[in-house]
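S.K.: Provide a 3D model corresponding to the input given below.
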Amino acid sequence: MNTKSKIKVIKKGTQAEKASAKAVKDSTKAAAREMVHNVTNWVTDFQQRRREETKQALENLFAQHPQPSGI
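M.R.: Numbering: from 1, shown residues only. Below you'll find the predicted structure:
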């Protein structure tokens, strides 16, 4: 009869686990980078639209009421 019990050695941080952890970390970084890019584009579009609307409003304001030059 065998009195010794079988022991299975499990090593922490095997190569496969490290590779998958790195892939997850890289994909997380890529997702965060994509979100930052999207938000940056939204802010840029909003600012540009606001500038154009302000410019058009000022042009309309001054074009509707021209000041006579011969007063």
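
S.K.: Grab the most central residue of this protein for me.
M.R.: By CA atoms, centre = their mean, the mean C-alpha position of the chain lies nearest to V36, the distance being 1.6 Å.

S.K.: which stretch of helix or strand covers that one?
M.R.: Applying DSSP states H and E as the criterion places V36 in helix 15-64.

S.K.: so how far is that helix off the chain centroid?
M.R.: 6 Å (CA atoms, centre = their mean, to the nearest Å).

S.K.: For this protein, give me the ranges with low pLDDT.
M.R.: 1-2, 13-19, 64-67, 70-71 (pLDDT under 70).

S.K.: May I have stretch 24-34 as CSV, with CA atoms only?
M.R.: The C-alpha trace of stretch 24-34 is given here as CSV (Å, rounded to 0.1, in the frame of the first residue of the first chain):
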residue,chain,number,x,y,z
VAL,A,24,-5.8,42.4,-20.9
LYS,A,25,-3.7,45.3,-19.6
ASP,A,26,-2.9,46.4,-23.2
SER,A,27,-6.5,46.1,-24.3
THR,A,28,-7.6,48.1,-21.2
LYS,A,29,-5.1,50.8,-22.1
ALA,A,30,-6.3,50.8,-25.7
ALA,A,31,-9.9,51.1,-24.6
ALA,A,32,-9.1,54.1,-22.3
ARG,A,33,-7.1,55.7,-25.1
GLU,A,34,-10.1,55.4,-27.4
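
S.K.: residues of it that come out buried?
M.R.: Within stretch 24-34, no residue counts as buried by 16 or more other CB atoms under 10 Å. For the C-beta atoms, the positions are set from N, CA and C on the backbone; glycine is no exception.

S.K.: where does S69 land in three-state SS?
M.R.: S69 falls in the coil class when you classify it by DSSP: H, G, I helix; E, B strand; the rest coil.
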